[in-house]
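Engineer: Sequence isn't available, so here's the structure alone:
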Ligand code: NAD
C-alpha cells in the first residue's frame, strides 16, 4: 500500500516515516512539510533517521495525497482540515491523529468521510484504545457516587489541554454512564470552587519535561478508589497504531472510524 506522511518532520511525523519504511505491506509514497520549513527538499527517510527513502519532502500536499492510497496526518488543526479536503478530492484514505480540533475542523472529518474512509483517534495506541473501553465498562457498572477524575501528564511542548486522549477517556466515561460529556466536564478549578458537584467529570492537566503521555482515570467513592492507568514511554506506539490503521482502510467503505474499529473491538 502506498502511504504518504504529511508533516513528516514533526515529532510524530518522523516516527511515522520510520514505521512506514520498516513495516511490511506498505511503501512511503510521499511526504510533506510546513511551507517555509528547512526540511523541504530533504529526503524524508534521512530526516527520520532511517536512511535514504528516495522520497523528497515537498510543501505541496495535493500531488502527494493524490499519489497515495492512504495519508497519515499528525500536524496542526488547520493543516489537518486542508489535508482532509484534499484526501476526499483525491479518493485517498485518511488517518488522522491531530488533537485540539475546533467544531468546524471536526466537521471536516465528517465531510471527508462521505468520500473516503477516515480513521481519526486522539490516541492511536492499542493500550489507550483498550483503556477507553475499560473506562466505558467501569463507568457503566459504577453509579455517580463514584467521582470520575482524569489526570494526564505530557511534555512541555504540548499546546492543547486537556489532552485529546484525556477527553477521549472522559467521553468514554460519560458514554458508559449515559450522560452528556460536555455538561459534566470540569477542566478548570481555581480559587473558592465549593464542594465537588455530584456526577462531574473532572480533569487535571500536568505539563513538563519530555513525558510522552500518561493518563489515569480515577473512580473515587467513600471507602475505595479504582484507578486505570496507561503510560506511553515511546511515540512508536502511536506510529505503529496509525500505520496499522492505514493498512486497515484498504477496502473499507467511506465512513468515520476510530481505533476500536481498527482493532475489531466494536460490540
Ligand atoms: P510537532 O509540532 O512536533 O509536529 C507537527 C508537525 O506538523 C511540524 O513538523 C509542523 O511543521 C507540521 N505542520 C504544521 N502545519 C503543516 C502543514 N500545513 N503542512 C505540513 N506540515 C505541517 O507535534 P507532534 O508532537 O508531532 O504532534 C502533532 C499532533 O499529533 C498534535 O496535535 C498532537 O497532539 C498529536 N498527537 C496525537 C497522537 C495520537 O495518537 N493521536 C499521538 C501523539 C501526538
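Structural biologist: Perfect, thanks for sending it. Here the structure is a predicted model, which means the values were calculated and not measured.
Engineer: element containing the closest residue to the ligand within the stretch 151-267 of the chain?
Structural biologist: Nearest to the ligand in the stretch 151-267 of the chain, going by CB to the nearest ligand atom, is residue 238, at a distance of 3.7 Å. Just so you know, the C-beta spots here come from the backbone N, C-alpha and C atoms, and that holds for glycine as well. With elements delineated by DSSP states H and E, residue 238 resides in helix 236-248, which encompasses its position.
Engineer: and that helix, how far from the chain's centre?
Structural biologist: Mean C-alpha position of helix 236-248 versus that of the full chain (CA atoms, centre = their mean, to the nearest Å) differs by 11 Å.
Engineer: who touches that helix?
Structural biologist: Defining contact as CB atoms under 8 Å, 6 or more residues apart in numbering, one finds that helix 236-248 is touched by 1, 3, 12, 15-16, 18-20, 23, 25-26, 70, 72, 74, 93, 95, 97, 119, 121, 123-127, 129, 232, 257, 259, 261-262.
Engineer: out of these, who's near the ligand?
Structural biologist: 12, 74, 97, 121, 123, 124 (CB under 6 Å from any ligand atom).
Engineer: Tell me how far the fifth one lies from residue 42.
Structural biologist: Spelled out, that is residue 123. 29 Å (CB to CB, to the nearest Å).
Engineer: and the two? which has more neighbours close in?
Structural biologist: Set side by side, residue 123 and residue 42 give different neighbour counts by other CB atoms under 10 Å, the larger being at residue 123 (28 against 17).
Engineer: ranges for the helices of the chain?
Structural biologist: Defined through DSSP state H, the helices belonging to the chain, from first to last, are 11-22, 44-47, 61-67, 77-90, 103-112, 126-141, 164-177, 181-184, 236-248, 259-262.
Engineer: All good on my end, thank you.
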